[in-house]
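Undergrad: Sharing a sequence plus its predicted fold:
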Amino acid sequence: MTSNLTSPWRKDFRAFDDEKFIYLDTAASAQKLKIVTQTMTRLMSEPYANVSRGLYKASQDMTSLYEGARATIASFMNALTNEIIFTRNATEGFNLLAYSWGGANLTKDDHVLSTAMEHHAILCRGNCYAIK
């Protein structure tokens, strides 16, 4: 059996260049792939603009890249592009799901299963629906 410490994926993360580095807090903040940090640095070093906020070239370029990323993820997941929603973090994503789908579909007779290891935001949201 191959240990995760010798995983071929380690080389794709700058943080793991140090062979002794072990990271177990991905729920709070994930290590970034080298290609991600390189792309972020490149994009922030060029004319930068908000996505979907302007008619000028920099905004249009950033919007094209953003929507291209959405299309790539949709293709990878065999989904439609309008089914891919970007959020700032897992807590925001879960809250969006809970308030939209959960609020419209869960009833007082439903059961939501989780483990004791879940992030507190998920447990809190589940408890909020249990109270309703």
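TA: Cool, got the structure. Keep in mind that what you see is a predicted model, and the values were worked out from it rather than measured.
Undergrad: State the distance from the residue of the chain most remote from its centre to residue 56.
TA: Computed with CA atoms, centre = their mean, the maximum C-alpha offset from the centroid of the chain is found at residue 109, amounting to 30.8 Å. Distance of residue 109 to residue 56, computed by CB to CB, to the nearest Å: 53 Å. The way it works is simple: take the backbone N, C-alpha and C, and place the C-beta from them, glycine included.
Undergrad: what bits of the protein have low per-residue confidence?
TA: Along the chain, the parts satisfying pLDDT under 70 run over 1-6, 27-28, 121, 123-132.
Undergrad: and the longest helix for it?
TA: Longest helix of the chain, by residue count under DSSP state H: helix 57-76.
Undergrad: So for stretch 29-47, what gets flagged as buried?
TA: When burial is assessed from 16 or more other CB atoms under 10 Å, stretch 29-47 yields the following buried residues: residue 31.
Undergrad: Contacts for it, please.
TA: 12-16, 23, 57-58, 62, 65 (CB atoms under 8 Å, 6 or more residues apart in numbering).
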